[in-house]
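Student: Test case, fold it:
(chains A and B)
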Number of protein chains: 2
Amino acid sequence: MRQVAIVAFGQTPYGDFPELGPKELFAQAFAEMVATADRPFDPGLIQALYLGTLGVGGFQLGQPAALLAGHVGLPSIPAVRVENACASGGFALLQAVCAVASGVYDVVVAAGVEKMRDLSGLQGRYWLGVSGDTEYERLAGLTFAGIYALMARRYMAEYGMEHRHLSLVAVKNHAHGALNPKAHLRRRVSVEEAESAPLVADPLRLLDCCPTSDGAACLLVVAGERAAEFTDRPVWVAGFGAASDWLAVHDRPSLTGLAASSRAAAGAYAMAGLGPADIDVAEVHDCFTIAEILAYEDLGLAERGRGFRLVEEGATALGGRVPVNTSGGLKAKGHPLGATGIGQVGEIFHQLRGTAGERQVPGAEVGLTHNVGGSGGTAVVFILRGGGW
Amino acid sequence: MRQVAIVAFGQTPYGDFPELGPKELFAQAFAEMVATADRPFDPGLIQALYLGTLGVGGFQLGQPAALLAGHVGLPSIPAVRVENACASGGFALLQAVCAVASGVYDVVVAAGVEKMRDLSGLQGRYWLGVSGDTEYERLAGLTFAGIYALMARRYMAEYGMEHRHLSLVAVKNHAHGALNPKAHLRRRVSVEEAESAPLVADPLRLLDCCPTSDGAACLLVVAGERAAEFTDRPVWVAGFGAASDWLAVHDRPSLTGLAASSRAAAGAYAMAGLGPADIDVAEVHDCFTIAEILAYEDLGLAERGRGFRLVEEGATALGGRVPVNTSGGLKAKGHPLGATGIGQVGEIFHQLRGTAGERQVPGAEVGLTHNVGGSGGTAVVFILRGGGW
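Tutor: Okay, here's the model as predicted:
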């Protein structure tokens, strides 16, 4: 397979931007990607756009990718929407990587955008439920927080975890997010605050849940042999894997792990010829705090039933053995669905180039991203290799 | 680039199926693809699913691809939704081809599904409008028929075409559709009937418009070197091209051609090393009769301003120089949005293998498909080569 490199990244802040629609958010991320590339380049070189978006609110349900390509001055290039709920961004990058690897294109953009914050309560409940199983979950009244609450409750029963461990995930990711100028929630929280936050879906409390965020992110993805046109410090796509699972959790044999994540990780490790012990830094899909604990185990960073010990030991905090969600994660950085998987790779892009500022993991050479659709119906994992700093 | 072959095809009839939902439609197409493959194969060999769907009606707006993969017994494989409005199927196939060409997968399914017929009037108007420009067209009241009516009116003014020529397209495609057991509208119509049909959007009358159809279609797409496991008569992907255009027609320099189609065709011809004169049979995107006239010109089958002469001369009818829409086209076969681009390739698959029955174009060796998103916001063209019959 032809080598593929990531050579530039742009991202809006994540947050609440009533004055910005999807076009403006996308244009802002795109412009930053162009402006911050190590070497100036002509955006006219871009041959295709892969856009991850659930299209929340229905701003443009049909072919939004072409609409947004035109909005940044590229009305002619092939542009396509890729959708796998909250994993739309990661799957958009996957299509971009395959297209470049095939030799069809040399220079493409993988992007994501979501406008979450101008929905009414009724619309919001509708859109946030569309990624579970519509027939058996959403229409029956099961919410996303409810699904992850079931997982948390079962995990606690099987492995003796207490809610306090979930709060430690929130405390860690908020501490990381406080260092990220583009995070939605830039404030530290205490264990006490997390433990006494309002209950959302027992046992999950408000600080166990990620916010709903507006945001967009863009990656410039190029053929390996063209990387030097853009930078001396490319980040290489070393491996990737993707998988699915039953959408409805009642069809799954276990509630204490996401099988799609395990399968995607196995594929990514095999392609990269690496294992969990090689990972220096990771961005995982912590839509709820329990999701980060499950991710540790599904990705092989912890043994089954031992994930909550990792956060207790501080292994996944900045300064720990394998820092996880240095960006703040979905929990504190925010979760603009389609943008999330792209932004995760952007954080690793910075980490592997030594440009992560206060969040830098010293000497990071291999990074991992983990992006989940809905409650585990789909997942995609990337392993990235840097070393150019 | 690694060679890519299409080795099996399944499709539901297109039509009005109140008793079948998207799951049932997809399963029926998938089962036919498996059952009609030249050599029996284990569906467990399938490594990924690319699903084109606009998701009309919102049956499963988030990650429907994984839902449908599970429904046919493949809950673990990576499955992703690809959306470009009415070109969703063609773009799903494009992702599938790139993934196989890259070497990442060897055996994948490209599919499409749409459930159009159980929408109320209000829902229907909403969903059918979502692929134009939401801000400047749909919310301003411009319908799809209205957009194509503008194109038809302008074309008539520039080139002297009369409405009678549009009726000839309807007459031809209905005649073809009458030969297709899976067509939605299986009856011939006369010029007189087409000329006196109720006006929908001046100058377009009812018989100028394709129906809204339920339906699904599946293609088995494999690495060239594995084709012989499935058939002795593979159909080869010789070339493809894709492109975009401004969604809002007011931004385009011309109303009498779809620039996205011209660009996509140029790319496909270049990759295949072929030209319009090499095409033996084509399926083009005739959502309205005027769209077929424009397609002739955009694809190079006729000179600019001469497309309507082609249908007048009978060149594009069965028995003519280059039969177009032998399936009946969107006009008579039907138009289940996400399935359309997949079904088009399926018709060419049959034509290039000599299995098109009463619709067979004798000796067809090279075929073309042309799938358009919305009113030309996106387009994708495939050139396929057979010769195995």
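Student: roughly how far apart are the most centrally placed residue in chain A and chain B?
Tutor: Central residue of chain A (Cα atoms, centre = their mean): residue A:341, 3.2 Å from the mean position. Using Cβ to the nearest Cβ, to the nearest Å, we find residue A:341 at a distance of 12 Å from chain B. C-beta coordinates here come from the backbone N, C-alpha and C atoms, glycine included.
Student: element containing that residue?
Tutor: For residue A:341, the element it lies in under DSSP states H and E is helix A:337-353.
Student: Flag every buried residue along that helix.
Tutor: Neighbour counts using 16 or more other Cβ atoms under 10 Å in any protein chain shown place A:337-353 of helix A:337-353 among the buried residues.
Student: Can you list the low-confidence ranges for the stretch 251-389 of chain A?
Tutor: A:388-389 (pLDDT under 70).
Student: What segments of it are strands?
Tutor: Applying DSSP state E, counting those that start in this stretch to the stretch 251-389 of chain A gives strands spanning A:281-283, A:366-373, A:378-385.
Student: Tabulate those (JSON lines), appending distance to chain B.
Tutor: Output for these, formatted as JSON lines (distance: least, Cβ to the nearest Cβ, whole Å):
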{"stretch": "strand A:281-283", "distance to chain B": "20"}
{"stretch": "strand A:366-373", "distance to chain B": "5"}
{"stretch": "strand A:378-385", "distance to chain B": "5"}
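Student: Among those strands, single out whichever gets nearest to residue B:66.
Tutor: Ranking these by proximity to residue B:66 (Cβ to Cβ) places strand A:378-385 first, at 5.0 Å.
Student: roughly how far out does that closest one sit from the chain middle?
Tutor: 10 Å (Cα atoms, centre = their mean, to the nearest Å).
Student: Next, the angle strand A:366-373 makes with it.
Tutor: Here strand A:378-385 points in a direction 170 degrees away from that of strand A:366-373 (axes from the mean of the first three to the mean of the last three Cα atoms, to 10 degrees).
Student: Give me the sheet partners of strand A:378-385 and which way each runs.
Tutor: strand A:235-244 (antiparallel), strand A:366-373 (antiparallel) (DSSP bridges).
Student: Tell me how many other residues crowd the residue in the stretch 101-250 of chain A positioned nearest to chain B.
Tutor: In the stretch 101-250 of chain A, no residue comes nearer to chain B than residue A:131, which is 3.0 Å away by Cβ to the nearest Cβ. Neighbourhood size, residue A:131 [other Cβ atoms under 10 Å in any protein chain shown]: 31.
Student: and if you look at residue A:248?
Tutor: 20.
Student: residue contacts, residue A:132?
Tutor: Counting by Cβ atoms under 8 Å, 6 or more residues apart in numbering or on different chains, residue A:132 touches A:138, A:142, A:144, A:147, A:247, A:248, A:374, A:375, A:377, B:62.
Student: can you redo the strands of the stretch 251-389 of chain A as a markdown table with mean neighbour count and distance to residue B:101?
Tutor: Shown next, in a markdown table, are the strands of the stretch 251-389 of chain A (neighbours: other Cβ atoms under 10 Å in any protein chain shown; distance: least, Cβ to Cβ, whole Å):
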| stretch | mean neighbour count | distance to residue B:101 |
| --- | --- | --- |
| strand A:281-283 | 29 | 29 |
| strand A:366-373 | 30 | 24 |
| strand A:378-385 | 30 | 20 |
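Student: Rebuild the ones you listed as CSV, extending it with distance to residue A:66.
Tutor: Below are those laid out as CSV (distance: least, Cβ to Cβ, whole Å):
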stretch, distance to residue A:66
strand A:281-283, 29
strand A:366-373, 23
strand A:378-385, 23
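Student: So for residue A:121, which of the ones you listed sits nearest?
Tutor: strand A:366-373 (23.9 Å).
Student: what separates the closest one from the chain centre, distance-wise?
Tutor: 7 Å.
Student: what angle do it and helix A:337-353 make?
Tutor: If you take the same axes, to 10 degrees, strand A:366-373 sits at 170 degrees to helix A:337-353.
Student: As CSV, could you dump the C-alpha coordinates of strand A:366-373?
Tutor: Listed next in CSV are the C-alpha coordinates belonging to strand A:366-373 (Å, rounded to 0.1, in the frame of the first residue of the first chain):
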residue,chain,number,x,y,z
VAL,A,366,3.6,6.9,18.2
GLY,A,367,0.0,8.0,18.8
LEU,A,368,-3.4,6.4,18.6
THR,A,369,-6.9,7.7,18.0
HIS,A,370,-10.2,5.9,18.8
ASN,A,371,-13.5,7.2,17.4
VAL,A,372,-16.8,5.5,18.2
GLY,A,373,-20.2,5.8,16.4
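Student: Contacts only, for the nearest residue to residue A:184 once chain neighbours are set aside.
Tutor: Distances taken as Cβ to Cβ, 6 or more residues apart in numbering or on different chains put residue A:334 closest to residue A:184, at 3.1 Å, once the chain neighbours are dropped. By Cβ under 8 Å, 6+ apart, the contact set of residue A:334 is A:14, A:15, A:183, A:184, A:185, A:210, A:211, A:213, A:215, A:328.
Student: Format the residues you listed as JSON lines; extra columns: secondary structure and neighbour count.
Tutor: Output for those, formatted as JSON lines (DSSP: H, G, I helix; E, B strand; the rest coil; neighbours: other Cβ atoms under 10 Å in any protein chain shown):
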{"residue": "A:14", "secondary structure": "coil", "neighbour count": "32"}
{"residue": "A:15", "secondary structure": "strand", "neighbour count": "19"}
{"residue": "A:183", "secondary structure": "coil", "neighbour count": "26"}
{"residue": "A:184", "secondary structure": "coil", "neighbour count": "25"}
{"residue": "A:185", "secondary structure": "coil", "neighbour count": "23"}
{"residue": "A:210", "secondary structure": "coil", "neighbour count": "25"}
{"residue": "A:211", "secondary structure": "coil", "neighbour count": "20"}
{"residue": "A:213", "secondary structure": "coil", "neighbour count": "27"}
{"residue": "A:215", "secondary structure": "strand", "neighbour count": "33"}
{"residue": "A:328", "secondary structure": "coil", "neighbour count": "29"}
